[in-house]
Structures are given as C-alpha cells and as structure tokens.
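Asker: All I have is the shape, not the residue letters:
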C-alpha cells in the first residue's frame, strides 16, 4: 500500500555528526562518460568515482552499542566502506548498509531513533525506539515491550532533524569508554567526478594565436549535498575492477548557477600520486546535489597554434596475405576533409573537452567546433578535431593496377583531386595508408611526400582559391614466400 511520508519533527537532538574542527575531504577521479554531466537523466548517477574521507563524532555508552549514520551517498561501494576508531578501545563488530529507495529508505534511516507511529485518524499507535522498518514496523517502548504495526499513516520522528536521503549505515560497536569519541569514515562512491573543460578563442588574422582558459568541471549526482569540503582532483587513468552501479531515485534538483571565482586565488596545487597527477583546491567548496561546478585549473594563457585541413584515406589494417583484388579494400571517394587545431600543452592538461571559438564580424564569439583531448603532458602536442571543412572536398580513384603473384609484386596507382571553393588558398595534408601488404614503397608521385612511415605516406598540397590540386602516386608491394609462411 502506498503511504505518504509525513515530515513531522518534534524536536532535534545530537546525532552522529562531523567533528567540529575537521572538514570532509573528497578525492575525485576523472569521469570519462558524458551522462554524469548531462542536464537530464537519472537523479543519482552510477558514473564517476570519488573517495570520501569524513570525520564523525559519536556519544558512546561503553560496551556494546548500535549506531546509525544516515544521509550517505546512494551509490557508495558498501564493500569498501570503513569506520575506524582511533586507538584500540572501540571496534566495529558488524556493519550493514541500507540502500535508500524512496519511502522505505527514509523509514530505514529512522531505525534506532525514537519515533511516534501515527494511525489513519491521527492517533498515536505506538511510541519508542524503531527496531525494524519495512511493511511491518517494530517499535520498542521505554519498558522494553515491542509492538508490531502493519497499518499506519505516518511516522513522527522525535529525535531527528530531517528524514534520511540516500543510504544508511547501521553499526554495532563494542569496547571503549563512555563519552564523545571521534571516528574516521572512509568510502568510495559513484555519482561524483570531474574532467577538464577548456575554451580556446582564436585571435583574428592569418596567424594562428589563441587565448586558452582551463577549468575543472565537477559533477555531483551522488544523492547528497557536499558543503564546505576539501577537494582533490586526480588526473590520469586509475583502473577500476567493478562496473559502475546504476541507480534510479526519486529526487531531481536543478543545478544552481556557478558562482563567480577569482582565478588566481583558486589556482590548485599540483602534485603526483603514483603514476597519477593531483590538483588540490586551496579553499573549500560546496557541491550541491544535482549540480555541475567549475573551478579554474590555470590562469589564462596565450598560445601559438596551427590550423590543419586533413584528408585521411583510412584503411590502416594490413591483411594476413597480399590483397590482389583490383579494387581497394574500401571505397572512400566521399571521405571529407577535416579541420583540426593543433597546439602544444603549456602544462599538464587532464583529459576533457575543448571548445574552440572565434569572433565573428558582429563581435560575438561563435563556436568553430568542440573536441575531446586525452591526458596531455607538458610540452606535448595535442590536436582538436573541429569537424569537416565546408569549402574543401576530395575525390579518390585507382588509375592503374597490376598483380604478379608468382613474381611477388603488386603495383597500384592512385589519383586524389582536392577542390577548394573558398576565396583563399588552403593547404591540405593528405594521409594515405597503403594496405595491400605490409611491405611497400612509393615508386612515383607528383608531389614529394612530407612524411613516410611503415603505416602512412603523407603529402602537403596547396589548393588555390576557387580551384583544385591533383596528387598522383604509385605504390609497389613486394613479399617473399617466407613472409607468407609466418
């Protein structure tokens, strides 16, 4: 039976809470998926990964005692959760994680608390400590008698400031002296993650110059607010053995507008963590549930860059035996010419997305394209693909072909015609991948190759405005009988 949850709070008393002099610390790992940062979707996400370090304070009675911690993230890893008391006095005998799922999750979070069970007409059916939740409640009164209740309308919490959101941890501890005791609570959870968010704004003119803004984009869909937390961001690829948890909860909250930040004061402190890199924010932050927050990684830089137009013939796979079919393995006459932006990293750039803008004639900054970059070490080149070049096109055809299998030789000639419909001349990089066999040489070409490796032959072609350029080249493949026996 569906039951409304009536939020009736009689009074507030102290619950297990953070130690007053210590701040919760979050270590966030890079999130590769887009779902965590999407404006729609589930309220609680199984994407992302973070490690939470909390300091909790408990009023212990000494001996064996049951404790409850509610409001934990709904997607935390129950097998990696750890509560540790300093010293050797108090120890955890057992722990149980109750996953928050709507009404039942809220009731489970009240186990161990004082409640009043209210009937349909508003009368009190029972009062005391909630021993068990679910379809049937068990309430133990001050005299020790237990009451089983199946039909009720609401619970009135006598000792809680709020009803639980998320998961609840139930613990049994033993030993130690009575009094207020601090404990360390550590656990990993999904629903939290970050990635690089970059904006490159190209300067007007023929020279390629750009301003580059680097920020960390931090998403929280853990089912819990994080307020005034210390934040460490981990860049790199930390392997995780467990698949992400997929959760669907009842709550959705709109993301708040990002707060203004001072770039210099918010510059993170870099360090290494094994083979990973960390960025520690110098000041605490708030991460409301259902929000995406941005914080600067570096001050704005002005960088040199290169604009590239690339025609890539593809087909990089080599067959197990020489391919003597007359037609190419894949027909790619319609392959577009791609516009790229290349630049050198001024510092370590964690993986993320780069938005490339330029100022149009009306003075507005407009999007040229957006692309993803991988983790890029300092002083290494990286390339952002902006999409297909509108005014550039290419056609490709086979102009000659002979195969002499007994003589262990294949000769093939190819013609590529590049067309430019724009008003300025363009330079197009042509990348060809001869792939009929792994041993090949270029026997002739109308343009001198700018680069030749075992996998690619690269040419640089200047295409005039409102004109075209033609590339003819020939490849010879050779092999020996011993090559085929391998």
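Answerer: Thanks, I have the structure now. The model shown is predicted, which means the values in this text are computed figures rather than measured ones. Numbering: from 1, shown residues only.
Asker: Run through this structure and note the low-pLDDT ranges.
Answerer: 1-22, 41-42, 99-106, 108-109, 134, 159-166, 239-266, 328-334, 486 (pLDDT under 70).
Asker: again, only this time at 50
Answerer: Counting by pLDDT under 50, the low-confidence segments of the chain come to 1-21, 161, 245-265, 329-331.
Asker: Show me the domain layout of it.
Answerer: Domain ranges of the chain: 8-189, 317-329+391-485, per automatic domain parsing.
Asker: Quick check: which of the ones you listed is buried the most?
Answerer: domain 8-189 (a mean of 17; mean count of other C-beta atoms under 10 Å). (Each C-beta comes from the backbone N, C-alpha and C, glycine too.)
Asker: I figured residue 344 hits residue 303, correct?
Answerer: Yes - using C-beta atoms under 8 Å, residue 344 is in contact with residue 303, at 7.3 Å.
Asker: any chance you could map the helices in this structure?
Answerer: 102-108, 481-485 (DSSP state H).
Asker: picking that back up, now the domains of the chain as CSV including distance to residue 292?
Answerer: Listed next are the domains of the chain as CSV, based on distance: least, C-beta to C-beta, whole Å:
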stretch, distance to residue 292
domain 8-189, 6
domain 317-329+391-485, 36
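Asker: For residue 267, find the nearest of those domains.
Answerer: Of all the domains of the chain, it is domain 8-189 that lies closest to residue 267, at 17.3 Å by C-beta to C-beta.
Asker: Nearest spatial neighbour of residue 468, chain-adjacent residues omitted?
Answerer: residue 419 (4.6 Å; C-beta to C-beta, 6 or more residues apart in numbering).
Asker: got a list of what that neighbour touches?
Answerer: Residues near residue 419 by C-beta atoms under 8 Å, 6 or more residues apart in numbering: 392, 393, 394, 395, 463, 467, 468.
Asker: Okay, it and residue 431: tell me how far apart.
Answerer: Distance, residue 419 to residue 431, by C-beta to C-beta, to the nearest Å: 18 Å.
Asker: before we move on, what about residue 382?
Answerer: 18 Å.
Asker: any idea how far the nearest residue to residue 176 once chain neighbours are set aside lies from residue 67?
Answerer: Nearest non-adjacent residue to residue 176, counting by C-beta to C-beta, 6+ apart: residue 90, 3.2 Å away. Distance, residue 90 to residue 67, using C-beta to C-beta: 10 Å.
Asker: Find the residues that touch each one of the two.
Answerer: With C-beta under 8 Å, 6+ apart as the test, residue 90 and residue 67 both reach residue 173.
Asker: Pretty sure residue 147 sits against residue 136.
Answerer: No - contact between residue 147 and residue 136 fails when scored by C-beta under 8 Å: they sit 10.4 Å apart.
Asker: Would you confirm that residue 138 contacts residue 147?
Answerer: Yes - Residue 138 is within contact range of residue 147, at 7.2 Å (criterion: C-beta under 8 Å).
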